[in-house]
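Student: with the sequence up front, the predicted model follows.
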Amino acid sequence: MIAIFTISAGLLLFTWVGYPALIRLLASARARHPLDPTASETPLVSVIVATRDPDASIIARVQDILSGAYPAESLEVVVALDVRRSPGQLHTPLPGAPGTVRVVQGDAAGGKAAALNAGVRAARGTILVFTDAGQRFAADTIPRLVGALQTNARLAAVSGALATRAVAAGRVSVGDLYWRYERAVRANEARVHSSI
(Lines give C-alpha, C1' and ligand atoms only; values in the text may rest on other atoms or scores of the structure.)
Protein backbone atom coordinates (compact mmCIF):
# COMPACT_ATOMS: atom_id res chain seq x y z
CA MET A 1 0.00 0.00 0.00
CA ILE A 2 2.85 2.39 0.82
CA ALA A 3 4.49 1.56 -2.52
CA ILE A 4 1.30 2.44 -4.42
CA PHE A 5 1.02 5.73 -2.54
CA THR A 6 4.71 6.54 -3.14
CA ILE A 7 4.49 5.76 -6.86
CA SER A 8 1.27 7.76 -7.20
CA ALA A 9 2.73 10.73 -5.32
CA GLY A 10 5.90 10.53 -7.42
CA LEU A 11 3.95 10.53 -10.68
CA LEU A 12 1.86 13.45 -9.49
CA LEU A 13 4.97 15.38 -8.45
CA PHE A 14 6.62 14.66 -11.81
CA THR A 15 3.51 15.85 -13.67
CA TRP A 16 3.32 19.18 -11.86
CA VAL A 17 7.00 19.90 -11.13
CA GLY A 18 9.33 17.44 -12.87
CA TYR A 19 7.95 17.68 -16.40
CA PRO A 20 7.79 21.50 -16.42
CA ALA A 21 11.37 21.63 -15.08
CA LEU A 22 12.56 19.10 -17.69
CA ILE A 23 10.86 20.86 -20.60
CA ARG A 24 12.27 24.20 -19.42
CA LEU A 25 15.77 22.70 -19.33
CA LEU A 26 15.36 21.29 -22.84
CA ALA A 27 13.94 24.60 -24.09
CA SER A 28 16.87 26.56 -22.68
CA ALA A 29 19.23 24.38 -24.74
CA ARG A 30 17.39 25.25 -27.95
CA ALA A 31 18.31 28.31 -29.98
CA ARG A 32 15.67 31.00 -30.15
CA HIS A 33 14.52 32.20 -33.54
CA PRO A 34 13.87 35.93 -33.31
CA LEU A 35 10.51 36.92 -34.70
CA ASP A 36 9.80 40.24 -36.34
CA PRO A 37 6.88 41.60 -34.33
CA THR A 38 5.30 43.39 -37.27
CA ALA A 39 4.30 42.38 -40.75
CA SER A 40 6.49 43.68 -43.58
CA GLU A 41 3.90 42.74 -46.18
CA THR A 42 0.16 42.85 -45.73
CA PRO A 43 -1.42 39.77 -47.34
CA LEU A 44 -5.18 39.37 -47.17
CA VAL A 45 -6.05 38.04 -43.71
CA SER A 46 -9.38 36.36 -43.00
CA VAL A 47 -10.45 36.51 -39.37
CA ILE A 48 -12.96 33.73 -38.72
CA VAL A 49 -15.28 34.27 -35.77
CA ALA A 50 -17.10 31.03 -34.90
CA THR A 51 -20.09 31.95 -32.77
CA ARG A 52 -23.65 31.44 -31.66
CA ASP A 53 -23.51 34.49 -29.38
CA PRO A 54 -26.06 37.32 -29.32
CA ASP A 55 -25.86 40.21 -31.81
CA ALA A 56 -24.25 42.58 -29.31
CA SER A 57 -21.32 40.20 -28.70
CA ILE A 58 -20.79 39.63 -32.42
CA ILE A 59 -20.89 43.35 -33.22
CA ALA A 60 -18.45 44.15 -30.41
CA ARG A 61 -16.08 41.44 -31.66
CA VAL A 62 -16.21 42.64 -35.27
CA GLN A 63 -15.60 46.25 -34.16
CA ASP A 64 -12.63 45.07 -32.07
CA ILE A 65 -11.09 43.26 -35.06
CA LEU A 66 -11.64 46.17 -37.45
CA SER A 67 -10.18 48.68 -34.98
CA GLY A 68 -6.81 46.90 -34.93
CA ALA A 69 -3.59 48.08 -36.56
CA TYR A 70 -3.80 45.78 -39.61
CA PRO A 71 -4.78 47.66 -42.83
CA ALA A 72 -8.52 47.42 -43.45
CA GLU A 73 -8.02 46.83 -47.18
CA SER A 74 -6.07 43.64 -46.36
CA LEU A 75 -8.56 42.32 -43.83
CA GLU A 76 -11.85 40.46 -43.99
CA VAL A 77 -14.00 39.15 -41.16
CA VAL A 78 -16.04 35.98 -41.65
CA VAL A 79 -18.68 35.51 -38.97
CA ALA A 80 -19.47 31.79 -38.98
CA LEU A 81 -22.74 31.17 -37.17
CA ASP A 82 -23.54 27.85 -35.56
CA VAL A 83 -26.18 25.93 -37.52
CA ARG A 84 -28.70 26.55 -34.72
CA ARG A 85 -28.62 30.24 -35.56
CA SER A 86 -29.37 31.47 -39.08
CA PRO A 87 -27.74 34.55 -40.65
CA GLY A 88 -31.23 36.06 -40.92
CA GLN A 89 -31.36 36.16 -37.13
CA LEU A 90 -28.76 38.94 -37.04
CA HIS A 91 -31.01 41.92 -36.42
CA THR A 92 -28.29 44.56 -36.37
CA PRO A 93 -26.08 45.44 -39.35
CA LEU A 94 -22.45 44.52 -38.81
CA PRO A 95 -19.81 47.27 -38.91
CA GLY A 96 -17.24 47.57 -41.68
CA ALA A 97 -17.10 48.49 -45.34
CA PRO A 98 -19.19 46.41 -47.78
CA GLY A 99 -17.48 43.09 -48.44
CA THR A 100 -15.23 43.42 -45.38
CA VAL A 101 -17.56 41.47 -43.09
CA ARG A 102 -19.51 38.44 -44.24
CA VAL A 103 -21.82 36.07 -42.39
CA VAL A 104 -21.95 32.35 -43.23
CA GLN A 105 -23.94 29.46 -41.83
CA GLY A 106 -22.16 26.58 -40.10
CA ASP A 107 -22.38 23.04 -41.44
CA ALA A 108 -25.34 20.79 -40.64
CA ALA A 109 -23.39 18.78 -38.06
CA GLY A 110 -23.45 21.85 -35.80
CA GLY A 111 -21.02 23.00 -33.17
CA LYS A 112 -17.87 25.06 -33.25
CA ALA A 113 -15.91 22.80 -35.61
CA ALA A 114 -18.73 22.89 -38.17
CA ALA A 115 -18.90 26.68 -37.97
CA LEU A 116 -15.12 26.94 -38.38
CA ASN A 117 -15.23 24.64 -41.43
CA ALA A 118 -17.86 26.86 -43.07
CA GLY A 119 -15.80 29.95 -42.22
CA VAL A 120 -12.65 28.46 -43.76
CA ARG A 121 -14.49 27.63 -46.99
CA ALA A 122 -15.81 31.18 -47.21
CA ALA A 123 -12.46 32.82 -46.41
CA ARG A 124 -10.51 34.47 -49.23
CA GLY A 125 -7.37 35.33 -47.27
CA THR A 126 -4.01 33.61 -47.53
CA ILE A 127 -3.70 33.78 -43.74
CA LEU A 128 -6.50 32.64 -41.45
CA VAL A 129 -6.98 33.89 -37.89
CA PHE A 130 -9.41 31.97 -35.68
CA THR A 131 -11.20 33.60 -32.76
CA ASP A 132 -14.34 33.51 -30.65
CA ALA A 133 -16.83 36.30 -30.08
CA GLY A 134 -15.85 36.66 -26.43
CA GLN A 135 -12.15 37.37 -26.98
CA ARG A 136 -10.53 40.74 -27.64
CA PHE A 137 -7.28 41.46 -29.48
CA ALA A 138 -4.60 43.98 -28.67
CA ALA A 139 -4.37 46.46 -31.56
CA ASP A 140 -1.16 44.85 -32.88
CA THR A 141 -2.31 41.21 -32.64
CA ILE A 142 -2.88 40.56 -36.35
CA PRO A 143 0.30 42.37 -37.53
CA ARG A 144 2.32 40.36 -34.98
CA LEU A 145 0.79 37.04 -36.05
CA VAL A 146 1.42 37.82 -39.73
CA GLY A 147 4.94 39.07 -38.92
CA ALA A 148 5.77 35.82 -37.12
CA LEU A 149 4.68 33.80 -40.15
CA GLN A 150 6.68 36.02 -42.51
CA THR A 151 9.84 35.82 -40.39
CA ASN A 152 10.17 32.03 -40.49
CA ALA A 153 9.09 30.20 -43.64
CA ARG A 154 9.12 26.90 -41.70
CA LEU A 155 6.16 28.06 -39.62
CA ALA A 156 2.70 27.05 -40.76
CA ALA A 157 0.81 28.24 -37.67
CA VAL A 158 1.33 30.67 -34.82
CA SER A 159 -0.63 31.38 -31.70
CA GLY A 160 -1.18 34.40 -29.53
CA ALA A 161 -1.18 34.42 -25.75
CA LEU A 162 -4.52 34.58 -23.98
CA ALA A 163 -4.56 36.99 -21.05
CA THR A 164 -7.63 37.20 -18.86
CA ARG A 165 -9.15 40.58 -18.12
CA ALA A 166 -8.50 40.08 -14.41
CA VAL A 167 -4.74 39.72 -15.00
CA ALA A 168 -4.73 42.78 -17.25
CA ALA A 169 -6.44 44.72 -14.45
CA GLY A 170 -3.92 43.50 -11.86
CA ARG A 171 -6.26 41.07 -10.08
CA VAL A 172 -4.97 37.51 -9.82
CA SER A 173 -6.98 34.42 -8.88
CA VAL A 174 -6.03 30.76 -8.55
CA GLY A 175 -7.30 30.21 -12.11
CA ASP A 176 -5.06 33.02 -13.37
CA LEU A 177 -2.05 31.51 -11.60
CA TYR A 178 -2.77 28.16 -13.21
CA TRP A 179 -3.12 29.84 -16.63
CA ARG A 180 0.31 31.48 -16.19
CA TYR A 181 1.77 28.07 -15.32
CA GLU A 182 0.09 26.48 -18.35
CA ARG A 183 1.34 29.25 -20.68
CA ALA A 184 4.91 28.82 -19.42
CA VAL A 185 4.79 25.05 -20.03
CA ARG A 186 3.31 25.57 -23.52
CA ALA A 187 5.93 28.19 -24.42
CA ASN A 188 8.74 25.82 -23.42
CA GLU A 189 7.13 22.93 -25.31
CA ALA A 190 6.90 25.15 -28.40
CA ARG A 191 10.63 25.94 -28.16
CA VAL A 192 11.48 22.23 -27.96
CA HIS A 193 9.11 20.95 -30.63
CA SER A 194 5.47 21.73 -31.20
CA SER A 195 2.93 21.96 -33.97
CA ILE A 196 1.88 25.38 -32.62
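Tutor: That came in fine, so what should we check first?
Student: so how far is E182 from D176?
Tutor: Computed as CB to CB, to the nearest Å, the D176 to E182 distance reads 11 Å. Placement of C-beta: from N, CA and C, glycine included.
Student: what does H193 give?
Tutor: Relative to E182, H193 is positioned 18 Å away (CB to CB).
Student: again, but for G147
Tutor: On the measure of CB to CB, G147 and E182 end up 25 Å apart.
Student: between those two, who's got more neighbours?
Tutor: Taking other CB atoms under 10 Å, G147 and E182 do not tie; G147 has more neighbours (18 against 12).
Student: quick check, pLDDT for the more buried one.
Tutor: pLDDT, G147: 89.
Student: ok but it is inside a strand, no?
Tutor: No: looking at G147 with DSSP: H, G, I helix; E, B strand; the rest coil, it is helix, so not inside a strand.
Student: wait, it touches S40, no?
Tutor: Yes: assessed by CB atoms under 8 Å, G147 is found in contact with S40 at 7.2 Å.
Student: longest helix in this protein, by residue count?
Tutor: helix 174-192 (DSSP state H).
Student: tell me which other helices or strands it touches.
Tutor: Judged by 3 or more CB pairs under 8 Å, 6 or more residues apart in numbering; DSSP states H and E, helix 174-192 is in contact with helix 19-29, helix 165-168.
Student: single out the most deeply packed of those helices.
Tutor: Mean neighbours per residue, mean count of other CB atoms under 10 Å, is largest over the helices and strands packed on helix 174-192 for helix 19-29, with a mean of 14.
Student: contacts for that helix?
Tutor: 181, 184-185, 187-189, 191-192 (CB atoms under 8 Å, 6 or more residues apart in numbering).
Student: what pLDDT, on average, does that helix get?
Tutor: Helix 19-29 shows an average pLDDT of 90 in the prediction.
Student: list the helices and strands the next helix or strand after that helix packs on?
Tutor: Remark: after helix 19-29, the chain's next helix or strand is strand 45-51, criterion DSSP states H and E. On a contact count with 3+ CB pairs under 8 Å, 6+ apart, strand 45-51 meets helix 55-66, strand 75-81, helix 112-122, strand 127-132, helix 141-151.
Student: tabulate those (a markdown table), appending distance to I23.
Tutor: Listed next are these as a markdown table, based on distance: least, CB to CB, whole Å:
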| stretch | distance to I23 |
| --- | --- |
| helix 55-66 | 33 |
| strand 75-81 | 35 |
| helix 112-122 | 29 |
| strand 127-132 | 26 |
| helix 141-151 | 21 |
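Student: of the ones you listed, which stretch is the most buried?
Tutor: When you average the neighbours per residue for each of the helices and strands packed on strand 45-51 (mean count of other CB under 10 Å), strand 75-81 leads with a mean of 24.
Student: within its sheet, name the partner strands of that strand and how each one runs.
Tutor: Applying DSSP bridges, strand 75-81 is found paired with strand 45-51 (parallel), strand 101-105 (parallel).
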